[in-house]
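>>> fold the following, please.
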Amino acid sequence: MNANNLKPEIRNLKIKERRFFVIFKCTILVYLTMIFSIFNFSSGYIEADEQSVKENKLLNSSLDEYKKSFADERTILEGLKKLLEIKQHDASLGEEMMTALVTKNENLSISKRKGRYGTVLYSIRADLVQIDKILQALVTTSGKKIIIDDDIARDKLSSIVSIYLEDIPLVDIVDTIFGAKGFETIISENLIFVTLPVKLNVDSSYGYYQEKAIQAYQKVMIKYPKYEGIVRAYYELGNFYLASNLPSIALQEYKIIIANYPDHPLARESMFNVGKSYEMLDDVENAKKGYLQYVESYPHSNKVDDAYLKIGDLWRKQENYEKAIEIYKYIMEEYHDRGAAAFANMRLGNSFVGSGDFSAALQIFLNMKKKFLNGSHTPMLTENTSVGNTVENRSNQHNPESENREDDRTRASDRLVLPDKLRCELEYQIGNCYYLLGKYNEAIRILKNFGLYEENNEMLDNAYYKLADCFFKTGDYLTALQLYKNALTEFPNSSLSSYGFLYSGKSLRKMKMLDNAIENLKLGLSRHYGSIYTDRIKFEIGLCYLDDENYKRALDVFEEIAEGKKDKDMVINATIYAGISLARDKQEEKAIEHYQKALKGDSSEKRKDWVSKLVGDSYAELGLPAEAVRAYQMDTASDL
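Numbers count the residues shown, from 1 in each chain. Next up, the predicted model:
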């Protein structure tokens, strides 16, 4: 082929290459425009004459130059495409989640994303999850190691919490969790150390972190009023206030949910907590209304039986036992298959005790024991709680009432299981009812076997003192004294300790051990001054002085009590015994003055008869028979 024939082919090839290059160039320009727009560059332009020069240059280039130029442009194109992808990814990185972790626990999720300036923000949603489970998830998500101080009880980390926080630093989440439990945290780059505030010389971190958590929820309410979790924020804030013993503020949060989000699931829980808040405020009427509104609004709720139980308790608190009994019976009938039925049964018996119908109460408790008793729990007294051979001998004496007892050996498989806490209360109340009915031997039989159903039985001190009372009532003062003394030793922090000092002193006085009685009573007075038994302990000291014929000291004690004017009945008795002290000290005129003073303030007919007789005796001692007869006639008239 000659050179002349080759020139048209070359020209045609160049024309094709030029067309391809124009298309290729347009594609490059499109990518360049997109990249420049990302960087916010101004669009450039090519002048028409410059473009023409470049096209002419391409037409005059050789085929190899075209191919090289084509290869270079392809490389540039691939590089620009890659750059575009990178910039697009970087531009969206701040908005998209970098890492998302959903744990095996469906109630817990933790996620993190990259925020501005290289920060990492976390979001957590935990609905009734144990703290240690949350910590495990935080460790997995953050890569930090968490170390717990050995002095922190591990059961504190097993408590269940609910947390809903979004887009906050990890340190705030950790502070909220541990601060709410009263712990202090030290956070470094790769480590979180949890310790006690006292070790860091911090008075209390609880209030600080609790306030911090409250502020977090308040920020959500202000910044994101339409946020889907806003109801949860109101609810948890109410719970914070309730746990902080601020029920009046908690009420506001719960009422906002009920008023503005009535269809939300948490509206139901909020309504229940409204009743609880009023109950904490001791506003019984509004508490009842709150619980009644709950049962009317959510009759099929799983808490409706608990709400009825609360209503019954509030009626009982108001001493309206008829209403309380009605509520408890309703619970037992309508919710017999729920746990509240056993509690309602227990409180039904307690209501009859409160109303004074001890026989009905005893029958309820005995039936309840037969229904719920679990034979796997056999009452046992430990060495510390044994009451000695005297108790055993007394309790094993023949008692005709015991012949009519229910057989306690009914098969356990035929009975339902009763929670240990109720079991203890039930045994105690059976013994208590026997005591209130004056059946002391039966009460002793029950209470001596009460035992330790659980290591920290909160009813054990009550049972111990009641058992001692039974022996006191039967005149076995020595056994009673031993029991009162043992109870004071075994339960030094019991609310009944002052009662124990009073009755151990009474037992000693009954045994004519007056010096020991006075010493014991004064010790009780020094340890429990200001208790509800203070005046009664003083009164018992006065009786000891009176029995010891130390009338001056007895008079001083009784007049001190009378001047206190704390309890009207105690004041009248103290005034009468002040008169008796004067009469035995041969000061009959002054004694009569005290008797007459007592008569003016007394409304008890039985006591008036007794005092009138004392007045007559004093007149007789003074040699005034007419006045004595007149006083005795007042006593006789009262009997008629």
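>>> quick one: the helices in the stretch 351-500 of the chain, in order.
With DSSP state H, counting those that start in this stretch as the criterion, the stretch 351-500 of the chain has helices at 358-372, 388-395, 420-436, 440-448, 460-473, 477-490, 497-510.
>>> tell me the SS of residue 194?
What DSSP: H, G, I helix; E, B strand; the rest coil gives for residue 194 is strand.
>>> what ranges does the stretch 151-300 of the chain have for its helices?
Under DSSP H, counting those that start in this stretch, the stretch 151-300 of the chain gives helices at 170-179, 206-223, 230-243, 247-260, 265-280, 284-297.
>>> okay, the ones you listed in a markdown table with mean pLDDT and mean neighbour count next?
Placement of C-beta: from N, CA and C, glycine included. A markdown table is the format used below for these (pLDDT from 0 to 100; neighbours: other CB atoms under 10 Å):
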| stretch | mean pLDDT | mean neighbour count |
| --- | --- | --- |
| helix 170-179 | 76 | 20 |
| helix 206-223 | 57 | 16 |
| helix 230-243 | 85 | 21 |
| helix 247-260 | 91 | 19 |
| helix 265-280 | 95 | 21 |
| helix 284-297 | 95 | 18 |
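>>> turn those helices into JSON lines, columns for distance to residue 438.
Compiled in JSON lines, these are given as follows (distance: least, CB to CB, whole Å):
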{"stretch": "helix 170-179", "distance to residue 438": "56"}
{"stretch": "helix 206-223", "distance to residue 438": "51"}
{"stretch": "helix 230-243", "distance to residue 438": "45"}
{"stretch": "helix 247-260", "distance to residue 438": "43"}
{"stretch": "helix 265-280", "distance to residue 438": "36"}
{"stretch": "helix 284-297", "distance to residue 438": "34"}
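>>> of all the helices of the stretch 351-500 of the chain, which one comes closest to residue 265?
Closest to residue 265 of the helices of the stretch 351-500 of the chain is helix 420-436 (CB to CB; 30.4 Å).
>>> how about the closest one: buried residues?
422-436 (16 or more other CB atoms under 10 Å).
>>> repeat for stretch 541-550
541, 542, 543, 544, 545, 546, 548, 550.
>>> so what's the second one closest to, chain neighbours aside?
So that's residue 542. Computed as CB to CB, 6 or more residues apart in numbering, the closest residue to residue 542 that is not its neighbour in sequence is residue 557, at 3.6 Å.
>>> for the one you found, give me the backbone phi and psi.
Main-chain dihedrals, residue 557, degrees, to the nearest 10: phi -70, psi -50.
>>> in helices, which of the buried residues of stretch 541-550 fall?
In this view, the buried residues of stretch 541-550 that belong to helices under DSSP state H are 541, 542, 543, 544, 545, 546.
>>> look up the pLDDT of the residue lying closest to the last one once chain neighbours are set aside for me, please.
When you say that, I think you mean residue 546. Spatial nearest neighbour of residue 546, excluding adjacent residues (CB to CB, 6+ apart): residue 554 at 4.2 Å. Here the pLDDT value assigned to residue 554 is 96.
>>> between the helices of the stretch 351-500 of the chain, which gets the lowest average pLDDT?
Taking the mean pLDDT of these, helix 388-395 comes last: a mean of 46.
>>> mind checking pLDDT for residue 14?
Residue 14 is given a pLDDT of 50.
>>> swap in residue 616?
pLDDT, read off for residue 616, is 93.
>>> the one 10 residues further on now?
The pLDDT attached to residue 626 in the predicted structure is 91.
>>> kindly report the same for the one 5 residues further on.
Residue 631 carries a pLDDT score of 88 in this model.
>>> ok, now residue 519?
At residue 519, pLDDT is 97.
>>> now for it, how many residues are close by?
Taking other CB atoms under 10 Å as the criterion, the count of residues near residue 519 is 14.
>>> that one: helix or strand, and which one exactly?
Take DSSP states H and E as the rule and residue 519 turns out to sit in helix 514-527.
>>> now do that helix and helix 477-490, the angle between them.
Angle, helix 514-527 to helix 477-490, by axes from the mean of the first three to the mean of the last three CA atoms, to 10 degrees: 30 degrees.
>>> thinking again about what came up before, what's in contact with the helix or strand harbouring the residue nearest to residue 546?
For residue 554, the element it lies in under DSSP H and E is helix 551-564. Helix 551-564 is contacted from outside by 535, 538-539, 541-543, 545-546, 570-571, 574-575, 577-578, 581-582, 584-585, using CB atoms under 8 Å, 6 or more residues apart in numbering.
>>> just the buried ones among those, please.
535, 538-539, 541-543, 545-546, 570-571, 574-575, 577-578, 581-582, 585.
>>> now, which of those residues lie within helices?
535, 538-539, 541-543, 545-546, 570-571, 574-575, 577-578, 581-582.
>>> list just the nearest of the buried residues of helix 420-436 to residue 196.
residue 424 (33.8 Å).
>>> any idea how far residue 466 is from the nearest residue to the closest one once chain neighbours are set aside?
Distances taken as CB to CB, 6+ apart place residue 459 nearest to residue 424, at 4.4 Å, with adjacent residues excluded. Distance of residue 459 to residue 466, given as CB to CB, to the nearest Å: 10 Å.
>>> correct me, but residue 437 touches residue 356?
No. Using CB atoms under 8 Å, residue 437 is not in contact with residue 356, being 11.2 Å away.
>>> who has more neighbours, the two?
residue 437 (14 against 10).
>>> ok, now which ones touch the nearest residue to that one once chain neighbours are set aside?
Distance criterion CB to CB, 6+ apart; nearest residue to residue 437, sequence neighbours excluded, is residue 358 at 5.1 Å. Listed by CB under 8 Å, 6+ apart, the contact partners of residue 358 are 352, 433, 436, 437.
>>> list the contacts of stretch 606-623.
Residues contacting stretch 606-623 (CB under 8 Å, 6+ apart): 572, 576, 579-580, 583, 586, 588-589, 591-592, 595-596, 598-599, 602, 625, 627-632, 634-635, 638-639.
>>> let me know the pLDDT of residue 36.
According to the prediction, residue 36 has pLDDT 42.
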